[in-house]
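here is a sequence together with a model predicted from it:
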Amino acid sequence: MIMGEQPVFTTKAHVFKIDPETRKQWLPVSKQAVGVSFFFDNTRRTHRIISVDGSKAIINSTITPNMTYTKTSQKFVQWADIRANTVYGLGFSEEAELSKFIDKFQDAKQSARQEVERIRA
């Protein structure tokens, strides 16, 4: 991790990626629920969603102002990461954890939007 990057929220979820062949089927990336964290880089003023399973990074997704998420059920959320050319999905054991994740996602998007406006000003 980059110096100056701090975790601001961590939860546990099952991680999925969309099948790159069909773009319809979910492929499990983690064997069990793993830590999924939002990190904030104070130097770059950016948020990333990061998840590591063992020693392997399975999510490394920088939140952009235009990124959108879709809550597809009470315990599942997905978002497209253009930079990584994939769609990530997270399955939560509790609806409350999904709600917290969505709150952080919205906060990170708002922060990214404000940073873009600050740079343009």
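Now that the structure is in, tell me what you want to look at. Being a predicted model, the structure only gives us computed values, none of them experimental.

where does pLDDT dip in the chain?
Scanning the chain for pLDDT under 70 picks out 1-3.

can we see that at 80?
1-4, 121 (pLDDT under 80).

all strands for it, in order.
Applying DSSP state E to the chain gives strands spanning 5-18, 26-28, 34-41, 46-53, 56-62, 69-73, 76-81, 86-91.

export those strands to JSON lines and tack on distance to Gln106 and mean neighbour count?
Placement of C-beta: from N, CA and C, glycine included. Shown next, in JSON lines, are the strands of the chain (distance: least, Cβ to Cβ, whole Å; neighbours: other Cβ atoms under 10 Å):
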{"stretch": "strand 5-18", "distance to Gln106": "12", "mean neighbour count": "17"}
{"stretch": "strand 26-28", "distance to Gln106": "23", "mean neighbour count": "14"}
{"stretch": "strand 34-41", "distance to Gln106": "11", "mean neighbour count": "19"}
{"stretch": "strand 46-53", "distance to Gln106": "11", "mean neighbour count": "20"}
{"stretch": "strand 56-62", "distance to Gln106": "15", "mean neighbour count": "16"}
{"stretch": "strand 69-73", "distance to Gln106": "9", "mean neighbour count": "13"}
{"stretch": "strand 76-81", "distance to Gln106": "12", "mean neighbour count": "18"}
{"stretch": "strand 86-91", "distance to Gln106": "15", "mean neighbour count": "21"}
